[in-house]
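Participant: Turn this into a structure:
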Amino acid sequence: MLGRTARFLRLFGYNTLYSSSYSDPELIEIASEEDRVLLTRDVELHHQAVKRNVSSFLVIEKTHIGRITSIILRGHLNLELNPSKSRCATCNAKIIPISKEKVKDKVPLGTFSRFDEYWTCSNESCGKIYYQGPHWIKISEVYEQIREKITEKK
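Facilitator: Numbering: from 1, shown residues only. I've put the predicted structure just below:
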């Protein structure tokens, strides 16, 4: 339901648990036990969480940019795009710098020749490699759109 939103929140450095396989009771229990804020578009789930005294945001915006903007504003969160503070978009582990030499056999040769800075997921079973390639431009554009919306609403 909010997978794309979760991936962007991770890239912005927020510890964001997401899986489409959890049941509603499991989501509420995890949020309660781990002191998380439950983000949902499901009105009934939101009401159930509130009844159990679990922090919950009902996310009603239709676009991922609107959703993230709303979450940042309602949660009084900082919006920052900084690879050294980002989390893995796939598994939520922290990403850490890795030397160019160590990624030589893990990225395409063209990528290796064009980029000098790399980060890797600290979760060894994930191990995703990050660099500031064309996808980073798209991420930066989303970041700027969210910043503009936040500025407009303040």
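Participant: what's residue 54 in contact with, if anything?
Facilitator: 28, 31, 32, 38 (C-beta atoms under 8 Å, 6 or more residues apart in numbering). Bear in mind the C-beta positions are built from the backbone N, C-alpha and C, glycine included.
Participant: Next, give phi and psi for it.
Facilitator: Note on residue 54: backbone dihedrals following degrees, to the nearest 10 are phi -100, psi 130.
Participant: Domain boundaries for the protein, per the record?
Facilitator: 1-82+134-154, 84-131 (automatic domain parsing).
Participant: what's the first-to-last distance across the first one?
Facilitator: Between the opening and closing residues of domain 1-82+134-154 there is a gap of 27 Å (C-alpha to C-alpha, to the nearest Å).
Participant: circling back to that earlier point, which one of the contacts of residue 54 is nearest residue 91?
Facilitator: residue 31 (19.0 Å; C-beta to C-beta).
Participant: Excluding chain neighbours, what is closest to that closest one?
Facilitator: residue 38 (4.3 Å; C-beta to C-beta, 6 or more residues apart in numbering).
Participant: bridging residues for that neighbour?
Facilitator: residue 56 (DSSP bridges).
Participant: list the contacts for it?
Facilitator: Per C-beta under 8 Å, 6+ apart, neighbours of residue 38: 27, 28, 31, 45, 46, 49, 54, 55, 56, 57.
Participant: next one: stretch 70-82 to chain centre, how far?
Facilitator: 11 Å (C-alpha atoms, centre = their mean, to the nearest Å).
Participant: Show me where this structure has its helices.
Facilitator: 3-11, 24-33, 43-51, 64-74, 100-103, 109-114, 134-153 (DSSP state H).
Participant: Give the rounded mean pLDDT of the longest one.
Facilitator: Which is helix 134-153. Averaging pLDDT along helix 134-153 gives 93.
Participant: The helices of the chain: which one's closest to residue 17?
Facilitator: The nearest among these, by C-beta to C-beta, is helix 24-33 at 6.7 Å.
Participant: Packing partners of the closest one?
Facilitator: Helix 24-33 makes packing contacts with strand 38-40, helix 43-51 when contacts are defined by 3 or more C-beta pairs under 8 Å, 6 or more residues apart in numbering; DSSP states H and E.
Participant: change it to 6 Å
Facilitator: Packed against helix 24-33 by the contact rule (3 or more C-beta pairs under 6 Å, 6 or more residues apart in numbering; DSSP states H and E) you find no helix or strand.
Participant: Check what contacts that helix and list those residues.
Facilitator: 38, 45, 49, 52, 54 (C-beta atoms under 6 Å, 6 or more residues apart in numbering).
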